[in-house]
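Peer 1: give the three-dimensional model of this entry:
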Amino acid sequence: MKALLKSTALATILVAGLGAANAQEITVAAGNMSVYLDPGRDHSNVGSQFYFNIFDPLIHRDYAKMEPEWKPGLAVSWELVAPTTMELRLREGVKFHDGSTMTADDVVFSLNRMFQATFPPYQVRRRDRLANFERAEKVDDLTVRVHTFREETLWETLLSLQQLFIVPEAYVKGLAGDPNAVEDADFEAMSLAPVGTGPYRVAEFVPGQRIVYERFDDFWGEPAPLARATVRHVPEVASRLTALRTGEADIATNIAPDQLALIEADPAMKAVGSNTALFHVIIFNANHPQMRDPRIRRALSLAIDRDLLNEALWLGKAVVPTTHTMSEFGPLYMPELTTFRHDPQEARRLLEEAGYDGFEIVYDMHSPSYYTNDTLAAQAILEMWAAVGVNARINAVPQWTGNDPNMMVRTWSNPMYFADPFGSFGVMWAPNGPAESEGRFNTDADYAAIWERFRFSTDIGARRDAYAELMARIEADPPLLPLYRPFESWAMRQGVNWAPQPGHIPYVLDFRAGAISFDTN
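Peer 2: Numbers count the residues shown, from 1 in each chain. Have a look, this model is predicted:
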């Protein structure tokens, strides 16, 4: 454990003549660490932790609030100049970490790399959330226009997405091959040496091991409160807590509820927690030969007592949904729907009706440290399936198997990428979305028509009605079961004041001004 921080100064270092806000250094012991840093291609829980300190969107929001309150970012103003055209006026004098000045060319390049994607990972992200965007164009050095194919009801929401953070065109093009052309190799190289406009630059990145942020003195906004922040991968929760106790770390991520009593009993530590805006889910492969019958998948879903999982694993602190909905959806929050429920008797009936003959269900899961309580949940689920006569086993694998035709069932998570059902359910299970394109989910013309009404209607009532229809389809032919919204906690040393902000997507380690502070006594 001593090696954990041997290359980094420990917390509470104060430089003579400077206040704590200007000289503080911290270290974070993180449960997971990304193997690349590219906000355009990434939508993982792991990667999403790291981008907000490095990059900026065109449109910011008040991240301390759940309800969107849009604020200028790299754009100081924006207006709809036609039903499918947004014009944005850019902030003047913004510097990238490489010293270059941001212009409209950089913004158009950053947006069109997603809107007109040729790099395969960007094509996936374009398809699942940005398909309505046609192109960005330069008006002058400080003005751009963004064009959509259809009228867009979520302009600010989508323009603020992580995937549209702004990067420097010349820097990216110069990373590999022809500096006058953009190539896939440029984006691969950028993912290991990211450059943005944010309050911190990346001083060091070792994929899968650590990232070191340093204050960027030419940041356009309020200066970063930390001189330096190091995030290190410490897979075991016990080791993360030990690092806090010994002073080798100041913050530890992904703490399960059963550890909170130990933290609260230690006067040197404290914890903050919240119901994370994502679901731990299990997904079903509707195209596996032995899983095609929806009665099998419905039975597997009905057999799981999610309330019992909540009590046993999360001390009742998780949120068990009746349908795929979150309170953050505002007027589209629909807890009255009962898409998912527990009914073991009905599960047994469906298995018998489907002619289930005891064939083995293989339950894939990530390596044990990826999701909090993941292994315990999987073991409990197998016991619940056994109680209704299902023969199953766990298959722990380090890699993603959701696109493997041999996958039957697996654990996963479904975050809220933005506060709308489109930004959670829809990003995964829309027509031609990742679940369908990876071969484990099927839609038809009727499903697509319902989706179109939900996605593009300007009437909230019509969107609610369409979403209820989508959930009825999901109940009848389930591709997933949301288990719960986990109650995740972050532990920290006394004197460090930080908490996840409700306006962010899950797990963001925000170290910007106003997000972290330190006791001075």
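Peer 1: going forward, measure contacts between C-alpha atoms and count neighbours the same way
Peer 2: Will do.
Peer 1: quick one: distance of the longest helix anywhere in the chain to the chain centre.
Peer 2: Criterion DSSP state H: the longest helix present in the chain is helix 460-476. Relative to its parent chain, helix 460-476 has a centroid offset of 24 Å by Cα atoms, centre = their mean, to the nearest Å.
Peer 1: now do the same for residue 7: its pLDDT.
Peer 2: Predicted confidence (pLDDT) for residue 7: 35.
Peer 1: before we move on, back to that, downstream of the longest helix of the chain, the next helix or strand is which one?
Peer 2: strand 480-484 (DSSP states H and E).
Peer 1: tell me the angle of that next one relative to helix 460-476?
Peer 2: 100 degrees (axes from the mean of the first three to the mean of the last three Cα atoms, to 10 degrees).
Peer 1: how would you label the spatially closest residue to residue 412 that is not a sequence neighbour: helix, strand or coil?
Peer 2: Excluding the flanking residues, the one nearest residue 412 by Cα to Cα, 6 or more residues apart in numbering is residue 281, at 5.3 Å. Of the three states, residue 281 takes strand under DSSP: H, G, I helix; E, B strand; the rest coil.
Peer 1: could you measure from residue 281 over to residue 434?
Peer 2: 15 Å (Cα to Cα, to the nearest Å).
Peer 1: try residue 41
Peer 2: 13 Å.
Peer 1: repeat for residue 495
Peer 2: 43 Å.
Peer 1: coming back round to it: list the buried residues in the longest helix of the chain.
Peer 2: For helix 460-476, a neighbour-count test (16 or more other Cα atoms under 10 Å) marks 463, 464, 466, 467, 468, 469, 470, 471, 472, 474, 475 as buried.
Peer 1: residues in contact with the third one?
Peer 2: Listed by Cα atoms under 8 Å, 6 or more residues apart in numbering, the contact partners of residue 466 are 450, 451, 453, 454.
Peer 1: what of the first one?
Peer 2: Listed by Cα under 8 Å, 6+ apart, the contact set of residue 463 reads 332, 453, 454, 455, 457.
Peer 1: re earlier: which one's more surrounded, residue 281 and residue 434?
Peer 2: residue 434 (21 against 18; other Cα atoms under 10 Å).
Peer 1: mind listing what that one touches?
Peer 2: Counting by Cα under 8 Å, 6+ apart, residue 434 has contacts 124, 128, 427, 428.
Peer 1: check these against residue 393 and report the nearest one.
Peer 2: Distance to residue 393 across the contacts of residue 434 (Cα to Cα) is lowest for residue 428, with 25.9 Å.
Peer 1: is it true that the closest one lies in a strand?
Peer 2: No - applying three-state DSSP, one finds residue 428 to be helix, outside a strand.
Peer 1: show the contacting residues for it.
Peer 2: Going by Cα under 8 Å, 6+ apart, the list of residues near residue 428 reads 128, 414, 434, 435.
Peer 1: so after the helix or strand residue 384 falls within, what's the next helix or strand?
Peer 2: With secondary structure defined by DSSP H and E, residue 384 is part of helix 374-387. Remark: after helix 374-387, the chain's next helix or strand is strand 392-396, criterion DSSP H and E.
Peer 1: list the helices and strands that following strand packs on?
Peer 2: Packing contacts for strand 392-396, counted by 3 or more Cα pairs under 8 Å, 6 or more residues apart in numbering; DSSP states H and E, involve strand 361-365, helix 374-387.
Peer 1: so where do the strands sit in the stretch 1-150 of the chain?
Peer 2: Along the stretch 1-150 of the chain, counting by DSSP state E, counting those that start in this stretch, strands occupy 24-30, 59-61, 70-72, 75-82, 85-90, 133-140, 143-148.
Peer 1: comparing those, which comes out most buried?
Peer 2: strand 24-30 (a mean of 25; mean count of other Cα atoms under 10 Å).
Peer 1: return the list of helices and strands in contact with that one.
Peer 2: strand 226-233, helix 237-245, strand 251-255.
Peer 1: avg pLDDT for the second one?
Peer 2: Translated: helix 237-245. For helix 237-245, the per-residue pLDDT averages 94.
Peer 1: same check on the shortest one?
Peer 2: If you average the pLDDT over strand 251-255, you get 95.
Peer 1: quick one, that strand and helix 237-245 angle?
Peer 2: Using the same axes, to 10 degrees, strand 251-255 lies at 150 degrees relative to helix 237-245.
Peer 1: what angle do strand 24-30 and strand 251-255 make with each other?
Peer 2: 20 degrees.
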